[in-house]
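In: pasting a predicted model and its sequence here:
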Amino acid sequence: MDGGRAKGKDQGVVDGVAAMAHCYQEFNPKAYLQYNYTPPRADFSRADSIVPWKLGCLHRAFTEGDVGGETLVDVGSGPTLYQVLSGCELFGRVVLTDFLDVNRRELRRWLREEEGSFDWTPYLKHVCKLEGRSPSAWQEKATRLRSVVTEILPIDVHQPLPLPLGALPTPGADCLVSSFCLESVSPDLASFTRALGHMSGLLKPGGHLLLIGALGESYYMAGPGVRIPVVPLDEAQVCTSLRENGYALIHLSTYTLPPDMRVGVDDVSGIFFVKAKKM
Ligand SMILES: Nc1ncnc2c1ncn2[C@@H]1O[C@H](CN(CCC[C@H]2CNCc3c2ccc(Cl)c3Cl)CC[C@H](N)C(=O)O)[C@@H](O)[C@H]1O
């Protein structure tokens with residue numbers, strides 16, 4: 001109770017979101033990449049490693065023939081761009097977004113081929129293989145990616161308008177992809193569902209959403225000593241949130257972490273992949 005006056009729901013929401021934004025000020029992109037995007041979680045010789053599973057889901061979802069158009073937006077990109085390695089072949093305009101300038105700068109470093117950027121080559125080679133191309137085509141894919149990524153924008157999914165006005169064409173993006181963002185930035189399930197609604201405002205009716213997220217996770221480390229709370233979700237809650245936001249579910253698959261993928265950087269137990277259509 002604040003000064004004897006019960007805090008209204010809205011005040012509680014503001015506090016929860018503000019507290020989350022405060023946690024993110026300590027986010028360490030280099031450590032984060034090390035924790036999640038190097039072996040064992042990114043081991044291309046293992047079909048049960050997390051990254052090959054995610055890339056396989058994205059490849060299939062983007063190449064079934066129903067997804068396409070001009071603009072693809074990745075929501076909450078972080079310092080990673082594996083999310084759009086398949087999609088970049090289908091769209092003339094790929095927009096990457098993140099809440100933190102440190103992450104937007106990390107992405108720009110790779111796109112501008114500056115030294116010290118993360119090496120995405122194994123990822124590019126793996127996706128080329130999934131596409132039936134020779135792994136040596138990875139440089140073509142890198143060139144394609146650099147040619148279609150037109151903007152790296154600030155985003156806040158807790159705002160009704162997550163992106164600056166005019167950032168997208170009026171009807172909205174043709175496709176959204178988002179991985180591990182909503183549950184990692186929302187204090188509770190209601191906030192997750194609201195943020196999904198805000199994000200969906202960026203997508204045109206009939207557009208597709210490819211959503212990857214953590215199941216049963218309560219925290220993750222975003223650097224040494226940087227602990228970020230996560231709202232634990234189960235599949236049913238994800239499906240309910242999608243339905244409440246006007247999505248038709250096309251496909252849902254889940255991945256259960258083998259014991260050696262639990263490396264102490266979070267307590268995630270499973271991962272979901274959703275392909276849905278905005279009605
Ligand atoms: N208001 C806000 N609005 C919008 N975006 C915000 C806001 N606030 C913060 N963000 C931004 O969200 C991004 C969340 N980010 C980390 C969580 C993933 C992490 C923890 N959960 C399990 C798990 C993880 C990673 C890999 C694997 Cl395998 C697993 Cl299992 C996703 C980055 C990228 N998409 C990725 O896939 O790694 C971050 O970049 C913030 O800057």
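Out: Received, thanks.

In: how about the residues of this structure by the ligand?
Out: Residues of the chain found near the ligand (CB under 6 Å from any ligand atom) are 24, 27, 36, 41, 50, 76-78, 80, 98-100, 103, 155-158, 179-181, 184-185, 214, 217, 220, 266, 268, 271. (C-beta placed from N, C-alpha, C; glycine too.)

In: buried subset of the residues you listed?
Out: Neighbour-count burial (16 or more other CB atoms under 10 Å) applied to those gives 24, 27, 36, 41, 50, 76-78, 80, 98-100, 103, 155-158, 179-181, 184-185, 214, 217, 220, 266, 268, 271.

In: just the residues of the chain next to the ligand: which are in strands?
Out: Among those, the members found in strands (DSSP state E) are 98, 179, 214, 220, 271.

In: just the helices in the stretch 101-250 of the chain please.
Out: Using DSSP state H, counting those that start in this stretch, the helices of the stretch 101-250 of the chain run over 101-111, 121-130, 138-148, 182-185, 189-200, 235-244.

In: comparing the ones you listed, which comes out most buried?
Out: helix 182-185 (a mean of 25; mean count of other CB atoms under 10 Å).

In: pLDDT at residue 15, what is it?
Out: On the pLDDT scale, residue 15 is placed at 87.

In: now swap in residue 199 and tell me
Out: If you check residue 199, the pLDDT there is 98.

In: how close does it get to residue 262?
Out: Using CB to CB, to the nearest Å, residue 199 is found at 28 Å from residue 262.

In: repeat for residue 142
Out: Taking CB to CB, one finds residue 142 at 32 Å from residue 262.

In: for the stretch 1-150 of the chain, give the residue positioned nearest to the ligand.
Out: The stretch 1-150 of the chain approaches the ligand most closely through residue 78 (2.6 Å), counting by CB to the nearest ligand atom.

In: which residue comes closest to that residue once chain neighbours are left out?
Out: residue 103 (5.2 Å; CB to CB, 6 or more residues apart in numbering).

In: circling back: quick check: the gap between the residue of the stretch 1-150 of the chain closest to the ligand and residue 217.
Out: Distance of residue 78 to residue 217, given as CB to CB: 15 Å.

In: and if you look at residue 207?
Out: Note on residue 207: its distance to residue 217, by CB to CB, is 27 Å.

In: again with residue 174
Out: Residue 174 is 30 Å from residue 217, by CB to CB.

In: what do you get for residue 120?
Out: Going from residue 120 to residue 217 by CB to CB gives 25 Å.

In: which ones are touching residue 183?
Out: Contacts for residue 183 (CB atoms under 8 Å, 6 or more residues apart in numbering) come out as 192, 213, 214, 217, 230, 231, 233.
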